[in-house]
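Colleague: Attaching a predicted model along with its sequence, questions to come.
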Amino acid sequence: MPFTDLVKEFETFAFKDYFEAVRPGDVQKTLDRVDARTPLGRQDLLTLLSPAAKNFMEVMAQKAQQITRQYFGRTIGLYAPLYISDFCSNHCTYCGFNTSTGFKRTQLSLEEIEREASAIFAMGIRHILVLTGEAPDKTPLSYLTAAMKILKKYFPSIGLEMFPMDEDAYAALTAAGADSLTVYQEVYDRKIYGEVHPRGRKADYEYRLLTPERGARAGFRAVNIGTLFGLGDPMGEAFIAGVHAKYLEQAFPHVEVSLSLPRMTKAAGGIAPKNLLSDKGFVQCMLAWRLFMPRLGITISTRESAPFRDRLVHLGATRFSAGSRTDVGGYVVHTQDTTVQFEVTDTRSVEAVTRMIQESGYQPVFKDWEMF
């Protein structure tokens, strides 16, 4: 059964009523199941995301830390994003790259991509995430595969965060050197999805929803998904994202599955968030996901502040971005007067983030994969 069928089960689900009905005893029963090493179900995830669970956060944190160390050790993987194009044909109302935003668009040449890659490599980064706007006519498959051939000279692991593609296109990119795929549904609530994606290719809700499955079938070894907190109801969105991740883990056991927690930040031309996720709510989502899926990767970007990210090292996070630039060519090619997709909040260098991780008693991991 594709995930499109599963997600329909929750389109009329009364999340607010369910959450308000959860009692402390229900939370304790779920935590007892964790102690008994019994796999948690969807109802358990709902319980851990409820207001009643907020009084159990310390216990949840202790259990999440123990589980994370059991499966991942005291390690935090590091990566950096590389934006190679900001041309976009979509009308996403929350994004600084949307086609209605008036700014000079930029696309890197292959020579400029190599210059950016060399600069990121010099920072110590070995895992990279390559991003574009959603404009296939500007960044065709031939351009992307040529970019992969350059980047794999520098990086053993290349992730993609681009427009959704068909399975054969993904297969061509994995053959060219890419090994992981990041794609956010942005918002699982179908009504809100239509409101914030009024036109463009991205308006196709179901095509985007099935993208992780196409990527997994095409040969990506890892898939990272998530919801953009600030659009839909935070805890309802966190629940469906968790169910989606569990679905992928079960349907594709050979694929590493991760979840991200991006929160809307300032972006030129973007709407303000309608449903704020507090720091406490952010941590609650992390902990609930970890208890629900012990082997789940949890990625934390530089959207979050430095002090807040420092705390998350101990709470189940497994992967951090560092030294990030969210504008095209922002490392060395175009360092002035460029438009960013979102504002970076943690502006520390790779060296500073590395030092923080070490001082927290964890090991920063720059390379844990190589394709032969």
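Modeller: Okay, I see it.

Colleague: What are the contacting residues of the lengthiest helix in the chain?
Modeller: Counting by DSSP state H, the longest helix found in the chain is helix 234-251. Contacting residues not belonging to helix 234-251 are listed as 3, 6-7, 10, 13, 15, 19, 42, 45-46, 49-50, 185, 187-189, 212-213, 216, 223, 225-227, 229, 231, 255, 257-259, 275-277, 281, 285, 288-289, 292-293, 295-296 [C-beta atoms under 8 Å, 6 or more residues apart in numbering]. Every residue, glycine included, has its C-beta placed from N, CA and C.

Colleague: Please narrow these to those residing in helices.
Modeller: Those of the contacts of helix 234-251 lying in helices (DSSP H): 3, 6-7, 15, 19, 42, 45-46, 212-213, 216, 281, 285, 288-289, 292.

Colleague: Confidence-wise, which of those residues comes last?
Modeller: Ranked by pLDDT, the ones in helices among the contacts of helix 234-251 bottom out at Leu6 (87).

Colleague: what two of the ones in helices among the contacts of helix 234-251 are the furthest from one another?
Modeller: Phe19 and Ala216 (31.1 Å; C-beta to C-beta).

Colleague: Find the residue ranges of the stretch 251-372 of the chain scoring beneath the pLDDT cut-off.
Modeller: Residue ranges of the stretch 251-372 of the chain with pLDDT under 70: 265-271, 335-342, 372.

Colleague: Kindly recompute the last result at 90.
Modeller: 264-276, 326, 334-344, 367-372 (pLDDT under 90).

Colleague: ranges for the helices of it?
Modeller: Along the stretch 251-372 of the chain, counting by DSSP state H, counting those that start in this stretch, helices occupy 279-292, 306-312, 350-359.

Colleague: other SSEs contacting the last one?
Modeller: The reference is to helix 350-359. strand 75-85, strand 363-365 (3 or more C-beta pairs under 8 Å, 6 or more residues apart in numbering; DSSP states H and E).

Colleague: Now mean neighbour count too, for those, in JSON lines please.
Modeller: Listed next are the helices and strands packed on helix 350-359 as JSON lines, based on neighbours: other C-beta atoms under 10 Å:
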{"stretch": "strand 75-85", "mean neighbour count": "24"}
{"stretch": "strand 363-365", "mean neighbour count": "17"}
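
Colleague: Kindly reformat those as TSV and extend each row with distance to Glu304.
Modeller: Output for these, formatted as TSV (distance: least, C-beta to C-beta, whole Å):
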stretch	distance to Glu304
strand 75-85	14
strand 363-365	17
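
Colleague: quick one: which of those is nearest Ala119?
Modeller: Taking the helices and strands packed on helix 350-359 one by one with C-beta to C-beta, strand 75-85 is closest: 9.6 Å.

Colleague: export the closest one as PDB, just CAs?
Modeller: Written as PDB, here are the backbone C-alpha positions of strand 75-85 (Å, rounded to 0.1, in the frame of the first residue of the first chain):
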ATOM      1  CA  THR A  75      28.500  10.500  17.500                       C
ATOM      2  CA  ILE A  76      27.100  13.400  15.500                       C
ATOM      3  CA  GLY A  77      27.500  13.400  11.700                       C
ATOM      4  CA  LEU A  78      28.400  16.700  10.000                       C
ATOM      5  CA  TYR A  79      27.400  17.900   6.600                       C
ATOM      6  CA  ALA A  80      27.100  21.200   4.700                       C
ATOM      7  CA  PRO A  81      24.600  22.400   2.100                       C
ATOM      8  CA  LEU A  82      25.700  23.600  -1.400                       C
ATOM      9  CA  TYR A  83      23.100  25.600  -3.300                       C
ATOM     10  CA  ILE A  84      23.900  25.500  -7.100                       C
ATOM     11  CA  SER A  85      20.700  27.300  -8.400                       C
END
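
Colleague: and it, average pLDDT?
Modeller: 97.

Colleague: what comes into contact with whichever helix or strand comes after it?
Modeller: As assigned by DSSP states H and E, the chain's next helix or strand after strand 75-85 is helix 110-122. Contacting residues not belonging to helix 110-122 are listed as 80, 82, 84, 108, 128, 146-147, 150-151, 153-155, 323, 329, 331-333 [C-beta under 8 Å, 6+ apart].

Colleague: Now do helix 110-122 against helix 350-359, angle only.
Modeller: Counting by axes from the mean of the first three to the mean of the last three C-alpha atoms, to 10 degrees, helix 110-122 points 30 degrees away from the direction of helix 350-359.
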